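Asks: A predicted structure for the sequence below; I have some questions about it.
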Amino acid sequence: MKKKTDQTSSSQKRDEMIKSAYDIFYRNGFHATGVDAIIEGTGISKRTLYKHFISKEGLIIAALNYYHQITYKAITDYIEQSPSKKPIDKALRIFDFLTERVDAGNVDGCFAMNAKTEYAHKAKEIEAACDIHVNTLQQLIERYLVQGNIAESRSLATQIIMLFEGAILRSKATENSSPVKLAKSAAKVICNA
């Protein structure tokens with residue numbers, strides 16, 4: 001019984017470290033955040049940190065996986081709450097989700113895109129974790145386009161995600177949702193919606 005309790009406690013401590021590191025990385029960036037800042041922010045020792053994660057990069061990958069889980073669930077839940085039953089409308093709701101986030105003051109961009117930018121051509125594992133996030137969103141969009149019998153669904157899903165990523169970057173720079181609304185308008189045009 002004690003071993004199971006120790007494993008649960010260890011798992012909870014690991015989850016707390018990931019969530020705390022996620023917040024710190026999102027706020028300060030990845031390269032600008034040292035291990036000491038994470039330790040200070042979590043109240044754990046370096047020994048404990050390295051017991052759970054081989055390196056800072058391992059912690060970043062865990063934070064990326066955490067971000068992917070919470071963001072993907074939030075997006076899919078939002079899309080499924082669409083009053084429209086048309087698959088194309090559901091696919092394009094990803095832009096409405098982003099508009100609401102930006103309008104609520106979330107203008108720090110996409111955690112995965114931020115990591116991909118900071119680690120481009122430097123850390124393949126981090127880049128791979130970022131790619132999983134974007135590819136999964138693209139597959140979600142493609143699935144709705146296929147349901148709507150949209151020709152060239154894969155190509156259109158790629159184009160929609162490119163517009164979505166561009167909208168994230170522009171809304172981060174402008175700190176408003178106008179780029180997102182423009183991107184959705186462009187997505188409607190390419191989908192003939």
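Replies: Structure received.

Asks: Just list what the helix or strand where Glu142 lies packs against, helices and strands only.
Replies: Under the criterion of DSSP states H and E, Glu142 resides in helix 124-147. With contacts taken as 3 or more CB pairs under 8 Å, 6 or more residues apart in numbering; DSSP states H and E, helix 124-147 sits against helix 56-80, helix 87-103, helix 111-118, helix 153-174. All C-beta atoms are positioned from the backbone trio N, CA, C, and that covers glycine.

Asks: Show me which positions of the helix or strand containing Lys13 end up buried.
Replies: In this assignment (DSSP H and E), Lys13 forms part of helix 2-28. For helix 2-28, the neighbour count (16 or more other CB atoms under 10 Å) marks 14, 17-18, 20-22, 24-26 as buried.

Asks: I'd say Arg14 and Lys51 touch.
Replies: No - in this structure Arg14 lies outside contact range of Lys51 using CB atoms under 8 Å: 9.1 Å.

Asks: sorry, back to before: which residues does the helix holding Glu142 contact?
Replies: Identification of contacts with helix 124-147 by CB atoms under 8 Å, 6 or more residues apart in numbering yields 57, 60-61, 64-65, 67-68, 71-72, 75-76, 79, 87-88, 90-91, 94, 110, 112-113, 115-116, 119-121, 153-154, 156-158, 160-161, 164-165, 191.

Asks: same check, this time on stretch 24-34
Replies: Stretch 24-34 is touched from outside by 37-38, 41, 60, 63, 108, 111, 114-115, 118-119, with contacts defined as CB under 8 Å, 6+ apart.

Asks: same thing but at 7 Å, please
Replies: For stretch 24-34, the external contacting residues (CB atoms under 7 Å, 6 or more residues apart in numbering) are 37-38, 41, 60, 63, 108, 111, 115, 118-119.

Asks: Next: stretch 72-86.
Replies: 89-90, 93-94, 97, 136-137, 140, 148.

Asks: change it to 6 Å
Replies: Stretch 72-86 has contacts (CB atoms under 6 Å, 6 or more residues apart in numbering) with 90, 93, 97.

Asks: picking up where we left off before, may I see the helices and strands packed on helix 124-147 organised as JSON lines, with distance to Ala187 and mean pLDDT added?
Replies: What follows is the helices and strands packed on helix 124-147, written out as JSON lines (distance: least, CB to CB, whole Å; pLDDT from 0 to 100):
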{"stretch": "helix 56-80", "distance to Ala187": "14", "mean pLDDT": "96"}
{"stretch": "helix 87-103", "distance to Ala187": "6", "mean pLDDT": "97"}
{"stretch": "helix 111-118", "distance to Ala187": "18", "mean pLDDT": "96"}
{"stretch": "helix 153-174", "distance to Ala187": "5", "mean pLDDT": "97"}
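
Asks: Including distance to Arg47 and mean neighbour count, could those go into CSV?
Replies: Output for the helices and strands packed on helix 124-147, formatted as CSV (distance: least, CB to CB, whole Å; neighbours: other CB atoms under 10 Å):
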stretch, distance to Arg47, mean neighbour count
helix 56-80, 14, 17
helix 87-103, 37, 21
helix 111-118, 26, 20
helix 153-174, 36, 18
